[in-house]
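Colleague: quick one: sequence and predicted model below, then my questions.
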Amino acid sequence: MRIGILQCGQAPAELKQDMGDYPDMFVRLLDGRGFDFRTYHVEAMEFPASVHDADGWLLTGSRHGAYEDHEFIPPLERFIRDAYAAAVPMVGICFGHQIIAQALGGTVVKHPDGWSVGTQDYDFGGETVRLNAWHQDQVVVLPPDAQVAGRNEFCENAALIYGDRAFTVQAHPEFSDGFIQGLMDTRAPGVVPQPLLDRAADRMGEPKGASLVADRIAAFFKQPRAIAKGAA
């Protein structure tokens with residue numbers, strides 16, 4: 001099954017050499033689950049010719065806000081709506097979670113309660129899943145078709161499911177503790193409050209549920225789907 005990775009941002013240059021860029025992290029996350037991948041750097045205006053150029057689409061994180069004025073955001077939102085209408089499945093992570101919601105009628109804001117950084121516990125339908133997080137923006141109004149699939153006290157809309165057409169997660173199952181530490185060293189100083197960084201440091205090394213989320217992503221992409229009316 002071919003998954004197109006829509007790269008919406010880039011890892012800090014200081015971390016790429018040792019840890020790779022965002023698409024590399026998703027290839028590692030989903031390794032052994034029957035996928036091959038092609039990356040399109042949409043942040044740099046590299047878009048697929050058609051929503052049917054892959055069997056499913058995975059939208060990465062980004063340091064940009066979905067609500068900000070960037071050249072790539074309007075065409076990305078159009079692509080999301082076209083893929084959704086054609087029933088080509090999408091998975092969005094962090095910024096990907098937010099931009100899918102925004103494109104389909106939801107609202108994303110810079111949350112007044114601030115940042116979520118490092119190890120966090122989420123309730124996925126009664127199952128506690130521990131994941132790394134790195135975000136200040138949140139989806140605060142759901143699109144019409146979205147249902148909450150995961151939440152915690154800080155982030156009520158931490159995972160969303162849109163029938164069989166999209167599955168999105170605010171946290172970062174693809175981020176290792178080492179990458180979180182790298183972000184704390186390179187992007188956090190002067191931006192993220194020190195008490196949050198101290199709490200993140202205290203929880204560093206706790207076991208994560210990244211493989212559980214990877215299994216859910218794989219199952220979502222592979223579930224049988226009817227072809228949407230009018231799809232080419």
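Modeller: That came through fine. It should be emphasised that the depicted structure is a prediction, and the values quoted were computed from it without experimental measurement.

Colleague: only C-alpha atoms for contact and neighbour calcs from this point on.
Modeller: OK.

Colleague: following the helix-or-strand element of the chain with minimal mean pLDDT, which helix or strand comes up?
Modeller: Within the chain, confidence by mean pLDDT, DSSP states H and E is lowest for helix 13-19 among all helices and strands, at a mean of 93. Remark: after helix 13-19, the chain's next helix or strand is helix 22-29, criterion DSSP states H and E.

Colleague: before we move on, back to that, residues making contact with the least confident helix or strand of the chain?
Modeller: Counting by C-alpha atoms under 8 Å, 6 or more residues apart in numbering, the neighbours of helix 13-19 from elsewhere in the structure are 25, 179, 182, 186.

Colleague: could you redo the last one with a cut-off of 6 Å?
Modeller: The set of residues that contact helix 13-19 without belonging to it, under C-alpha atoms under 6 Å, 6 or more residues apart in numbering, is empty.

Colleague: which pLDDT does the model give the residue nearest the centre of the chain?
Modeller: For the chain, the residue sitting closest to the mean C-alpha position, by C-alpha atoms, centre = their mean, is residue 93 at 0.5 Å. According to the predicted model, the pLDDT of residue 93 comes to 98.

Colleague: quick one: contacts for the residue nearest to it when sequence neighbours are not counted?
Modeller: Take residue 93 and drop its neighbours on the chain: the residue closest to it by C-alpha to C-alpha, 6 or more residues apart in numbering is residue 169, 5.0 Å away. With contacts defined as C-alpha under 6 Å, 6+ apart, residue 169 is in contact with 93, 97, 158-159.

Colleague: repeat that with 10 Å
Modeller: With contacts defined as C-alpha atoms under 10 Å, 6 or more residues apart in numbering, the neighbours of residue 169 are 91-98, 149-151, 157-161, 213, 217.

Colleague: now it: how far from residue 190?
Modeller: Residue 169 sits 27 Å away from residue 190, taking C-alpha to C-alpha, to the nearest Å as the criterion.

Colleague: kindly report the same for residue 35.
Modeller: Applying C-alpha to C-alpha, the value for residue 35 to residue 190 is 40 Å.

Colleague: contacts only, for residue 41.
Modeller: By C-alpha under 10 Å, 6+ apart, the contact set of residue 41 is 5-10, 23, 47-48, 72.

Colleague: isn't residue 61 right up against residue 93?
Modeller: Yes: the criterion here is C-alpha atoms under 10 Å, and residue 61 meets it with residue 93 at 5.8 Å.

Colleague: shared neighbours, the two?
Modeller: Counting by C-alpha under 10 Å, 6+ apart, the shared contacts of residue 61 and residue 93 are 99, 170-172, 174.

Colleague: in the protein, what residue spans correspond to helices?
Modeller: 13-19, 22-29, 73-85, 95-103, 177-186, 194-203, 210-222 (DSSP state H).

Colleague: so which of those gets nearest residue 145?
Modeller: When the helices of the chain are compared by C-alpha to C-alpha, helix 95-103 sits nearest residue 145, at 9.7 Å.

Colleague: neighbours around the residue nearest to residue 205 when sequence neighbours are not counted, how many?
Modeller: Once flanking residues are discounted, residue 205 sits nearest to residue 177: 6.7 Å by C-alpha to C-alpha, 6+ apart. The number of residues packed around residue 177, counting by other C-alpha atoms under 10 Å, is 21.
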